[in-house]
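>>> Generate coordinates for the sequence data below:
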Amino acid sequence: MEEKRTWFKPILREVLITLAIAIVIFILLQVTIQSSIVLYSSMEPNLHEGQRIIISKTAYWFGEPKRGDIIVFPNPNNPDEEYIKRIIGMPDERVEIIGGVVYIRQVNGNTLVLDESEYIEDPANDDYSGNTILENEYFVLGDNRNNSFDSRRGWTVPRDEIVGKAWLSIWPLSDWGWVANYSFP
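Numbering: from 1, shown residues only. I've put the predicted structure just below:
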């Protein structure tokens, strides 16, 4: 009887170790990444409706969001739904759009003119002039400027509501690859 049990203990130990490793990996993945589906066409031509992307939930643990990052956050009108937009304005700045060109008015008096030619096909048709962005808040726009519900509607994204940064497109396979986050000054 003893001889039969000796082979069982190593197998049980291996199964328990494998199960423990699987649980740790599962928990780490749940804490660090998330899958998200692009719901609308507001990020065309860069992200398409129905496209599945992976979000890095750790991207801002050790650093701050940057202008040009594509972020995921709760829809301001429906927290059960997530929006995907690009950060354009930073805290203490003011965003203006004149003739389709985005101007960033900084607190020090400088004005940045964004060159968005790499990711915008159709600049905004309507001019816009916003208020100064509050501390720890971000002004976001969809890349499809003429078909996007974004910060031009009077809301900004609080830092603590950012779910994460768009990282990798995984579906459809034809769109597989890194999500294009652009750096600006």
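>>> helix or strand for the closest residue to Ile104 other than its chain neighbours, which one?
Closest residue in space to Ile104, ignoring its immediate chain neighbours: Leu112 at 4.0 Å, by C-beta to C-beta, 6 or more residues apart in numbering. Glycine gets a C-beta too; all of them are placed from N, C-alpha and C. Using DSSP states H and E, Leu112 falls within strand 111-113.
>>> mind listing the strands in the chain by residue range?
Shown for the chain, the strands assigned by DSSP state E span residues 33-37, 52-56, 70-75, 78-89, 94-98, 101-105, 111-113, 128-129, 137-141, 157-158, 164-171, 177-178.
>>> Please identify the most buried of these.
By mean neighbour count, with neighbours taken as mean count of other C-beta atoms under 10 Å, strand 137-141 ranks first of these at a mean of 25.
>>> Send me it as CSV with only the CA atoms.
Provided in CSV are the C-alpha atoms of strand 137-141 (Å, rounded to 0.1, in the frame of the first residue of the first chain):
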residue,chain,number,x,y,z
GLU,A,137,-7.8,66.5,-15.8
TYR,A,138,-7.2,65.8,-19.5
PHE,A,139,-8.8,67.2,-22.7
VAL,A,140,-9.4,64.3,-25.1
LEU,A,141,-10.5,64.2,-28.8
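>>> Mind pulling up the pLDDT for Asp175?
Asp175 carries a pLDDT score of 89 in this model.
>>> for the protein, which spans come out with low pLDDT?
Scanning the chain for pLDDT under 70 picks out the ranges 1-5, 7, 184-185.
>>> Spatially central residue for it, please.
When the chain is reduced to its mean C-alpha position, the nearest residue by C-alpha atoms, centre = their mean turns out to be Ile71, at 2.0 Å.
>>> just checking, it touches Pro65?
Yes - here Ile71 reaches Pro65: they are 6.4 Å apart, a contact under C-beta atoms under 8 Å.
>>> Determine the residues that are contacts of both of the two.
Listed as contacting both Ile71 and Pro65 by C-beta atoms under 8 Å, 6 or more residues apart in numbering are Ile87, Tyr138, Ile162, Lys165.
>>> Need those in JSON lines (columns: distance to Tyr182).
Converted to JSON lines, those look like this (distance: C-beta to C-beta, whole Å):
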{"residue": "Ile87", "distance to Tyr182": "10"}
{"residue": "Tyr138", "distance to Tyr182": "15"}
{"residue": "Ile162", "distance to Tyr182": "17"}
{"residue": "Lys165", "distance to Tyr182": "12"}
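>>> now, which of those sits nearest Leu12?
Compare each of the shared contacts of Ile71 and Pro65 with Leu12 using C-beta to C-beta and the shortest gap goes to Lys165, at 42.1 Å.
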